[in-house]
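Asker: Need the 3D shape of this:
(4 chains)
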Protein chains: 2
Amino acid sequence: MQAGYAGRSRAPLSTERVLGAAVALADEGGVDALSMRRIAQSLGVVPMALYKHVANKNELLDGMIDAVVREIDPPARDTDWKTTVRGRVLSARRMLLRHPWAAQVIESRVKARTTPTPAVMEYLDSMIGVFRDGGFSLDLVHHALHVMGSRLLGFSQELFEDTPSRPGADREPDPDAMSPEAMAARYPHVAALAMAVTHDTDSVVGSGCDDQFEFEFALDLTLDGLERLLRTP
Amino acid sequence: MQAGYAGRSRAPLSTERVLGAAVALADEGGVDALSMRRIAQSLGVVPMALYKHVANKNELLDGMIDAVVREIDPPARDTDWKTTVRGRVLSARRMLLRHPWAAQVIESRVKARTTPTPAVMEYLDSMIGVFRDGGFSLDLVHHALHVMGSRLLGFSQELFEDTPSRPGADREPDPDAMSPEAMAARYPHVAALAMAVTHDTDSVVGSGCDDQFEFEFALDLTLDGLERLLRTP
DNA sequence: ACCTGAACACCGTTCAAGT
DNA sequence: ACCTGAACACCGTTCAAGT
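Answerer: I've put the predicted structure just below:
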């Protein structure tokens, strides 16, 4: 029935339009309100049409993550590391406040994937670069990332973990996985840090990081800071 | 068909048995594998039978949260605040490692409810007590909780927020909400902290806390700690 | 009064039938 | 070759029919 046509736009569908509609829907109603059928409806399109532009819902979520992570301001130039990190983390926080679903989705997808999405990797890579330029050793940068913890991007722990967080369920195989060499070229700071931590030139991201040690290191730094506050009011 | 009976146990159903089966299922397969139908199946029971013991799935999730949060060790006695907080946070971490779904579920439920679940409230209340006994002012305890951030219980931010995190969706009304007086009696440290922060005797939990300020306070304490590390290797 | 099967209104995704 | 409706295997939850 031609008269019943309810399409919101005659513009042809694209991955960008699908992701944009998905982000808008999640901003409005939270991630629970997000469904393939509902996104299609908001675009005036039949549900199956979405599958031409995203392989499945998980890939859609990954695309949404990248879209919002790219909203975070790039690191400021020509100032000290502390000001730069501070400004960037506050920019990340503003993004997370604009998109209240993002922290949770990023965390759950980071856990399910073997590697974070490209925009998250870029964010981390440039953040590591800021610390390095500020004079931090690779080891100290590693500690610093753990200390920043959830303030870095909303999720709490363990970006690169050896063991999947759910013992039974394996991580999803990455559909377009990069070679270690390609990874190292694209994310040089991440690669340098991973190699320094693992002392293993083969794997760029494969952890080797002692999570328990890092957790306690961060916890103690925090407690020391609180103790200092307590003593000098 | 009597021969086809596949019940795992003849013991009568109870809220405890339902929650136990749910936790076991989530531990095995993650929160995505958790469904009312699947829990019922694992108990050898028809799905509808669960609804005698939990009102709905959200209440089930709340019950699961309380069950695992109660696994966290109580605060150690007869030692300084720092050792006590450290030990307890590490105990919380061990719980979160045993139940990889917990951090995410706690975070999402904390955002959806007006008040955290009872066990979470008790955990916070006793943790505030430890800081108070250690000589922290109420204001300093408040800062401290924000500084601890996700290390406290896995979730990243804002236990008591004025505005629901999803602008459109209202928070669920608490089915068995307590009166402010009952809350204050049950969670005295939380109540004292809330009143000190809001300067409003009427509401025990209603925030009034400047989240942006607290975030920056915690961030700066962290950055100061890192700067100190950088200067004195 | 209690219990429960069928039903309802949803999901994500497959697949074959239509153009 | 492309697009898409119907279908499949799930959800959480309601409700009326059965005991």
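
Asker: C-alpha from now on. contacts and neighbour counts both.
Answerer: OK.

Asker: In chain A, which helix is the longest?
Answerer: Counting by DSSP state H, the longest helix found in chain A is helix A:211-231.

Asker: Identify the residues contacting it?
Answerer: Contacts of helix A:211-231 from elsewhere in the structure, counted by C-alpha atoms under 8 Å, 6 or more residues apart in numbering or on different chains, are A:143, A:146-147, A:158, B:82, B:86, B:135-136, B:140, B:144, B:147-148, B:151, B:221-222, B:225.

Asker: now chain A, which segments are flagged as low pLDDT?
Answerer: Regions of chain A meeting the criterion pLDDT under 70 cover residues A:1-11, A:155-170, A:173-176, A:199-208, A:233.

Asker: mind checking which helix or strand the residue sitting nearest the centre point of chain A is in?
Answerer: Nearest to the mean C-alpha position of chain A, counting by C-alpha atoms, centre = their mean, stands residue A:120 at 3.8 Å. Applying DSSP states H and E as the criterion places residue A:120 in helix A:118-133.

Asker: Residue A:171 now?
Answerer: For residue A:171, there is no enclosing helix or strand under DSSP H and E.

Asker: Count the residues that sit near it.
Answerer: By the measure other C-alpha atoms under 10 Å in any protein chain shown, the count of residues near residue A:171 is 18.

Asker: Just want to check the distance between the nearest residue to it once chain neighbours are set aside and DNA strand D.
Answerer: Nearest residue to residue A:171 in three dimensions, chain neighbours excluded: residue A:112, at 5.2 Å (C-alpha to C-alpha, 6 or more residues apart in numbering or on different chains). Counting by C-alpha to the nearest atom of the strand, to the nearest Å, the gap between residue A:112 and DNA strand D amounts to 19 Å.

Asker: tell me the phi and psi of residue A:112?
Answerer: Main-chain torsions, residue A:112, degrees, to the nearest 10: phi -80, psi -30.

Asker: doesn't residue A:106 make contact with it?
Answerer: No. With contact taken as C-alpha atoms under 8 Å, residue A:112 and residue A:106 are classed as non-touching, separated by 9.9 Å.

Asker: So between the two, which is more surrounded?
Answerer: When residue A:112 is set against residue A:106 and neighbours are counted by other C-alpha under 10 Å, the residue ahead is residue A:106, at 23 against 19.

Asker: Buried residues of the helix or strand hosting that one, list them for me.
Answerer: Residue A:106 belongs to helix A:102-112 when elements are defined using DSSP H and E. When burial is assessed from 16 or more other C-alpha atoms under 10 Å in any protein chain shown, helix A:102-112 yields the following buried residues: A:102-107, A:109-112.

Asker: packing partners for that helix?
Answerer: In this structure, helix A:102-112 packs against helix A:57-69, helix B:102-112, with contacts taken as 3 or more C-alpha pairs under 8 Å, 6 or more residues apart in numbering or on different chains; DSSP states H and E.

Asker: Report the angle between it and helix A:118-133.
Answerer: Relative orientation of helix A:102-112 and helix A:118-133, computed by axes from the mean of the first three to the mean of the last three C-alpha atoms, to 10 degrees: 90 degrees.

Asker: ok and helix A:102-112 relative to helix A:57-69, angle-wise?
Answerer: Calculated by the same axes, to 10 degrees, helix A:102-112 forms an angle of 130 degrees with helix A:57-69.

Asker: would you put the C-alpha positions of helix A:102-112 in PDB?
Answerer: These are the backbone C-alpha positions of helix A:102-112, laid out as PDB (Å, rounded to 0.1, in the frame of the first residue of the first chain):
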ATOM      1  CA  ALA A 102      28.300   3.800  26.300                       C
ATOM      2  CA  ALA A 103      30.300   2.800  29.300                       C
ATOM      3  CA  GLN A 104      28.300  -0.400  29.800                       C
ATOM      4  CA  VAL A 105      28.400  -1.300  26.100                       C
ATOM      5  CA  ILE A 106      32.100  -0.600  25.800                       C
ATOM      6  CA  GLU A 107      32.800  -2.800  28.900                       C
ATOM      7  CA  SER A 108      30.700  -5.700  27.700                       C
ATOM      8  CA  ARG A 109      32.100  -5.600  24.100                       C
ATOM      9  CA  VAL A 110      35.700  -5.200  25.300                       C
ATOM     10  CA  LYS A 111      35.200  -8.400  27.300                       C
ATOM     11  CA  ALA A 112      33.700 -10.300  24.400                       C
END
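
Asker: What lies in contact with the helix holding residue A:120?
Answerer: The set of residues that contact helix A:118-133 without belonging to it, under C-alpha under 8 Å, 6+ apart, is A:65-67, A:69-70, A:75, A:81, A:84-85, A:138, A:141, A:187-190.

Asker: how does chain A divide into domains?
Answerer: Using automatic domain parsing, the domain ranges for chain A come out as A:1-54, A:78-231.

Asker: Those: which one's closest to residue B:171?
Answerer: domain A:1-54 (11.8 Å; C-alpha to C-alpha).

Asker: who in chain A is up against chain B?
Answerer: Among all residues of chain A, those adjacent to chain B (criterion: C-alpha under 8 Å from any C-alpha of the partner chain) are A:27-30, A:82, A:86, A:100-101, A:104, A:108, A:135-136, A:140, A:144, A:147-151, A:154-156, A:165-169, A:219-223, A:225-226, A:230.
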